[in-house]
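Novice: starting from these lines, generate the structure:
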Amino acid sequence: MISATILGCGSAGGVPSISRGWGLCDPANPKNRRLRPSILVESETTTLLVDTSPDCREQLLGAGTNRLDGVLYTHDHADHLHGIDDLREVNRAMGKPFPVFGSPDVLGSIRTRFAYVVGAVEEGQTIYKPMLDFTELQPRFRVGDIEVVSFDQDHGYCRTTGYRFGPLAYSTDVVDLPDESFAALAGIDTWIVGCLTLAPHPTHAHLDKVLEWVERVKPRQAWLTHMTPSLDYETLKARLPAGVAPAHDGLRISLPG
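Specialist: Presented below is the predicted three-dimensional model:
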C-alpha cells in the first residue's frame, strides 16, 4: 500500500495571498485555504517528502510527521525550496541525516543559496542546521521500499522534475511534457498535476491543457494542485469531468503499491 498526503496545493503565494486575498475563492470553504505546494508519500516503512515549501513546518506538524527517509526536489523556486531549514527539526527528531534528491542544477543551487547546510555536523555539536546527504537524481532509484521514477518537465523558463511512485505520479510547475515523460506516466492509477488557472500561462499548465493531458495519460483519478486564488474549489469541481477533481490541503490518497 502506498499513500500520498497533499500538504499544500496552492500556488507560490498561497490562498489567501498577500496581494490577491481570497480572489474568487469562497473564504467560508476550508478547502480553499491552500498552503504552498508539497506532498508526503508513504508506504508501510518509508516516508518521502516532495519539496520543502515555506510552509514546511506547519505542513509536517499537520501531517504528524517527524521522520523522513528522503526529500525529493522538483526544482529550486522559493515556493518549493525555502522551507529547507525546517528539515533540521526532523534531523533532531531522528538523530541522523537523510538524503535529499535533486537534479545537478537544483543541488548546486541549494549549495550556493543555503551554503550553511553543506557539510557534516561535527561530533559533539548540537544539530544547529539540517544534516542532508546530497544525492543526484537517477531516472529510476529506490528509497526504502518505494521505487521512484523521475521524469523531465518543461516549466517555461526552466526544467522541473516529475516523480512516479508505482501507481502514483506527481507533476507540478509544468507547462509542457516531452513524449518520454508521457511514457513514464503510462499506466498510472493516480496523477497529482498542476493546474494554475483557467487561462493559458507561459510557465504553468491551465485547465484545458491539463484535461488534454489527462485524456492522453488516462489515470483512474487526477487531482489538481498548485492552484491560484482564481480557482474556487466548488466552482472548479462542478466543471470537471468524472475522474478529475481539485485537491485540497490534507487530502489523503491511498492506493495499492
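
Novice: contacts and neighbour counts: CA atoms only from here.
Specialist: Fine.

Novice: can you tell me what sits against stretch 120-134?
Specialist: Stretch 120-134 is contacted from outside by 84-89, 91-92, 96-102, 107, 116-119, using Cα atoms under 8 Å, 6 or more residues apart in numbering.

Novice: buried sites along that stretch?
Specialist: 121, 127, 129-134 (16 or more other Cα atoms under 10 Å).

Novice: now, of the contacts of stretch 120-134, which are buried?
Specialist: For these, a burial check counting by 16+ other Cα under 10 Å picks out 84-89, 91-92, 97-102, 107, 117-118.

Novice: show me where the chain has helices.
Specialist: Using DSSP state H, the helices found in the chain span residues 56-63, 78-81, 87-94, 104-113, 179-184, 207-217, 233-239.

Novice: can I get the last one in CSV, CA atoms only?
Specialist: What that stands for is helix 233-239. Presented in CSV, the C-alpha positions along helix 233-239 are these (Å, rounded to 0.1, in the frame of the first residue of the first chain):
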residue,chain,number,x,y,z
TYR,A,233,-12.9,24.7,-5.0
GLU,A,234,-16.6,24.1,-5.6
THR,A,235,-16.8,26.2,-8.8
LEU,A,236,-13.9,24.2,-10.3
LYS,A,237,-15.2,20.9,-9.1
ALA,A,238,-18.5,21.5,-10.8
ARG,A,239,-17.0,22.0,-14.2
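
Novice: so for that helix, what gets flagged as buried?
Specialist: Buried residues in helix 233-239, counting neighbours by 16+ other Cα under 10 Å, are found at 233, 237.

Novice: ok, the residue lying closest to Gly13 once chain neighbours are set aside - how many residues close by?
Specialist: Of all residues not flanking Gly13 in the chain, Arg36 sits nearest, at 7.1 Å (Cα to Cα, 6 or more residues apart in numbering). Neighbours of Arg36 under the rule other Cα atoms under 10 Å: 27.

Novice: who are the contact partners of Arg36?
Specialist: 7-14, 53-55, 79-80, 226.

Novice: among these, the buried ones, what's the ChimeraX command?
Specialist: Here is the ChimeraX command that picks out the buried ones among the contacts of Arg36, judged by 16+ other Cα under 10 Å:
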select :7,8,9,10,11,12,13,14,53,54,55,79,80,226
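
Novice: let's check: the centremost residue of this protein is which one?
Specialist: Centre of the chain computed as the mean C-alpha position; nearest residue by Cα atoms, centre = their mean is Ser38, 3.5 Å away.

Novice: so that residue touches Gly8, yeah?
Specialist: Yes: counting by Cα atoms under 8 Å, Gly8 is a contact partner of Ser38 at 5.2 Å.

Novice: from the contacts of Arg36, pick the one nearest Met1.
Specialist: Nearest to Met1 among these is Leu7, at 19.2 Å by Cα to Cα.

Novice: how near is the closest one to Phe114?
Specialist: Going from Leu7 to Phe114 by Cα to Cα, to the nearest Å gives 23 Å.

Novice: just Asn32 next, same as before
Specialist: For Asn32 relative to Phe114 (Cα to Cα), the value is 32 Å.

Novice: equivalent analysis for Leu185, please.
Specialist: Where Phe114 is concerned, Leu185 sits at a distance of 33 Å (Cα to Cα).
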